[in-house]
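# Coordinates only, no sequence provided:
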């Protein structure tokens, strides 16, 4: 008769997942989602300002400053979309997401889909997500 216990738990080849790597990923997701939401908020606040104030009423600096601010807000949004997409779907798909940001409606849909994915992952981990996203310190 063999010495093995027939009721013993079978051995598996499954590796133990390091939870610190998962927490680090969630912190990065929370930080980039917050930056993405901030960029969208700044763009939404900046467009009505452009409608109220014309370029000519602010003087010669407005020709440089207003498009410059808008470009900075857009770049913050594009970098945030790229970072979140590379975390979730890889760098190749992230580049496609960035190229898709050029097309107005497609860019908005891609932005909303990556934001929804980030919110889903954070909520699945039990992290509270507010309007501006989750705070990275809460992760």
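Thanks, I have it. Quick caveat, the model's predicted, so the values are computed rather than measured. Residues are numbered from 1 along each chain as shown.

# Which neighbouring elements make contact with the one helix or strand residue 99 maps to?
Residue 99 is part of helix 91-100, with elements assigned from DSSP states H and E. Packed against helix 91-100 by the contact rule (3 or more C-beta pairs under 8 Å, 6 or more residues apart in numbering; DSSP states H and E) you find helix 62-89, helix 104-124. Every residue, glycine included, has its C-beta placed from N, CA and C.

# other SSEs contacting the last one?
Meaning helix 104-124. Contacts of helix 104-124 with other secondary structure elements, assessed using 3+ C-beta pairs under 8 Å, 6+ apart, are made with helix 19-52, helix 62-89, helix 91-100.

# go with 6 Å
helix 62-89, helix 91-100 (3 or more C-beta pairs under 6 Å, 6 or more residues apart in numbering; DSSP states H and E).

# tell me which residues of the last one are tucked away?
Counting neighbours by 16 or more other C-beta atoms under 10 Å, one finds that the buried residues in helix 91-100 are 94, 97-98, 100.

# sorry, back to before: so what angle separates the directions of the helix holding residue 99 and helix 62-89?
Helix 91-100 runs at 150 degrees relative to helix 62-89, counting by axes from the mean of the first three to the mean of the last three C-alpha atoms, to 10 degrees.

# that older thread, redo the helices and strands packed on helix 104-124 as CSV? Include mean pLDDT and distance to residue 117.
As requested, the helices and strands packed on helix 104-124 are arranged in CSV below (pLDDT from 0 to 100; distance: least, C-beta to C-beta, whole Å):
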stretch, mean pLDDT, distance to residue 117
helix 62-89, 86, 5
helix 91-100, 93, 11
